[in-house]
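Asker: just a sequence and a predicted model for now, questions to come.
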Amino acid sequence: MFARYFTFHSTAENRPAIEKVADDIYRHSVTLPGFVSATYVMSDEGTTYGAFSVWQSRETAEAGGQSIREKVMPTLQGLLTAPPEVTVMEVYEPK
């Protein structure tokens with residue numbers, strides 16, 4: 001399995017709009033091939049936000065990320081205070 005960690009910066013005032021975007025992303029993600037799970041996070045001060053999603057393979061993680069970007073970036077772009085960052089990592093499951 002592979003994980004995508006998507007992080008971005010915004011303002012605390014944008015939290016309600018960002019939560020709506022996260023809800024929309026999740027509803028879209030569950031329809032995508034290879035999707036396993038997602039967790040959304042935010043810093044205490046509400047200026048750093050992130051999404052950690054798990055996918056069955058690197059290919060589905062990358063394809064899912066592209067699909068999500070196409071769907072949400074037009075809305076999210078207006079809420080960002082810096083360019084977002086994405087990291088794709090292999091998932092290790094302890095034995």
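Answerer: Perfect, I can see it now. Since the structure is predicted, the reported quantities are computational estimates derived from the model, not experimental observations.

Asker: what's the nearest residue to Gly46 if we skip its chain neighbours?
Answerer: In space, Gly46 comes closest to Ala12 once its chain neighbours are excluded; the distance is 3.2 Å by Cβ to Cβ, 6 or more residues apart in numbering. Any C-beta I mention is one placed from the backbone N, CA and C, and that applies to glycine too.

Asker: quick one: residues contacting Phe6.
Answerer: Taking Cβ atoms under 8 Å, 6 or more residues apart in numbering, we find Phe6 in contact with Gly50, Ala51, Phe52, Ser53, Gly65, Pro84, Glu85, Val86.

Asker: quick one: the strands in this protein, in order.
Answerer: Along the chain, counting by DSSP state E, strands occupy 2-9, 35-42, 48-55, 85-90.

Asker: single out the most deeply packed of those.
Answerer: Counting by mean count of other Cβ atoms under 10 Å, strand 48-55 has the highest mean neighbour count of the strands of the chain, with a mean of 20.

Asker: what sits up against the longest helix that the chain contains?
Answerer: If each helix of the chain is counted by residues according to DSSP state H, the longest one is helix 58-76. Residues outside helix 58-76 that contact it (Cβ under 8 Å, 6+ apart): 2-4, 6, 8, 18, 21, 24-25, 28-29, 32-35, 53, 55, 84, 86, 88, 90.
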